[in-house]
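Chemist: let's see this in three dimensions:
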Amino acid sequence: MSLFAIADTHLSFGTDKPMDTFDGWENYTEKLKNNWNKVVGENDTVVIAGDISWAMDFDGLEADFRFINGLNGNKIIIKGNHDYWWSTLKKMNAFINDNGFNTIKILQNNSFSCGGVSVCGSRGWLFENAEEHDEKVLERELIRLRMSLDSAENDEKIVFLHYPPLTADTQCQGILSLLNEYGIKKCFYGHLHGEAARYAENGERNGVVFRLVSCDRVNFTPYLVLKY
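Modeler: Reported below is the predicted structural model:
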């Protein structure tokens, strides 16, 4: 069995916001389905690190979740900056259960065991302007990430974020400090596309291996994190 990661699926089966209009995203849902099912087995797990759907509410989300649920393997999802449909954990779990989406789980203030490691994470935050609003949002995200890490059942923890905790010219010190405090060795993230992806950190920094797994940066193919 294997653990994979991907981010920014940006599905829009239930709303009119196709990504096909962007360069490199032509027929992307077909590519995603075919590539996903080639590498992911029935018993594997894929973490989708945010920006799952353009839907604004559960009604618009249903078709996108039906697509995800039908892909091979189990899915663990975290919130991205465009996941406007995101709600309380109780409401999201009720939506999942009521619709029979039995391969999807929500990562929020919790963690999941997978092959002897714990899958942890949160949305994260880009701390760019140092405004009061940014400080409050970052503090909330740090609390969520710490809760996730504290809930882990395994010594080895892998962190998944939507926002990059650092790029070539910026860094979110609060997130990086948490990764260091908990001895995290691997961190996967999304959010960056196109020209912005040039600034992505892909490699080891201060003992942590970072990897961008946005859909268009991994050829719409889940990235292998580990085999177990």
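
Chemist: find the centremost residue of this structure, please.
Modeler: By CA atoms, centre = their mean, the chain has its centre lying nearest to residue 49, at 0.6 Å.

Chemist: next up, the contacts around the residue nearest to it when sequence neighbours are not counted.
Modeler: By the measure of CB to CB, 6 or more residues apart in numbering, the closest residue to residue 49 outside its immediate chain neighbours is residue 7, 3.7 Å from it. Just so you know, the C-beta spots here come from the backbone N, C-alpha and C atoms, and that holds for glycine as well. Contact partners of residue 7, counting by CB atoms under 8 Å, 6 or more residues apart in numbering, are 48-51, 80, 162, 188-191, 213-215.

Chemist: cool, and residue 126?
Modeler: 163-164, 170, 172, 191.

Chemist: does it count as helix, strand or coil?
Modeler: The three-state label given to residue 126 by DSSP: H, G, I helix; E, B strand; the rest coil is coil.

Chemist: quick revisit: what subset of the contacts of residue 126 is buried?
Modeler: Buried by 16 or more other CB atoms under 10 Å: 163-164, 172, 191, out of the contacts of residue 126.

Chemist: and the biggest helix by length in the chain, which residues are buried?
Modeler: Using DSSP state H, we find that the single longest helix of the chain is helix 132-150. Within helix 132-150, the residues that qualify as buried are 137-138, 141-142, 144-146, 148-149, counting by 16+ other CB under 10 Å.

Chemist: got a markdown table for those, with distance to residue 37 and pLDDT too?
Modeler: Below are those laid out as a markdown table (distance: CB to CB, whole Å; pLDDT from 0 to 100):
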| residue | distance to residue 37 | pLDDT |
| --- | --- | --- |
| 137 | 36 | 87 |
| 138 | 37 | 89 |
| 141 | 33 | 94 |
| 142 | 36 | 95 |
| 144 | 32 | 97 |
| 145 | 31 | 97 |
| 146 | 36 | 98 |
| 148 | 29 | 98 |
| 149 | 32 | 98 |
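
Chemist: redo those residues as a markdown table? Include distance to residue 20.
Modeler: Listed next are those as a markdown table, based on distance: CB to CB, whole Å:
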| residue | distance to residue 20 |
| --- | --- |
| 137 | 31 |
| 138 | 34 |
| 141 | 31 |
| 142 | 36 |
| 144 | 33 |
| 145 | 34 |
| 146 | 39 |
| 148 | 34 |
| 149 | 38 |
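
Chemist: my understanding was that the residue nearest to the centre of the chain contacts residue 211; is that so?
Modeler: No. Using CB atoms under 8 Å, residue 49 makes no contact with residue 211, being 10.4 Å away.

Chemist: overlap in contacts of the two?
Modeler: 5, 188-189.

Chemist: what's the PyMOL syntax to select whichever of those residues are buried?
Modeler: To isolate the buried ones among the shared contacts of residue 49 and residue 211 in PyMOL, judged by 16+ other CB under 10 Å, type:
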select buried, resi 5+188+189
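
Chemist: which elements pack onto the worst-scoring helix or strand of the chain on mean pLDDT?
Modeler: The least trusted helix or strand in the chain, going by mean pLDDT, DSSP states H and E, turns out to be helix 132-150, with a mean of 89. For helix 132-150, the elements it packs on are strand 117-122, strand 157-161, helix 173-181, judged by 3 or more CB pairs under 8 Å, 6 or more residues apart in numbering; DSSP states H and E.
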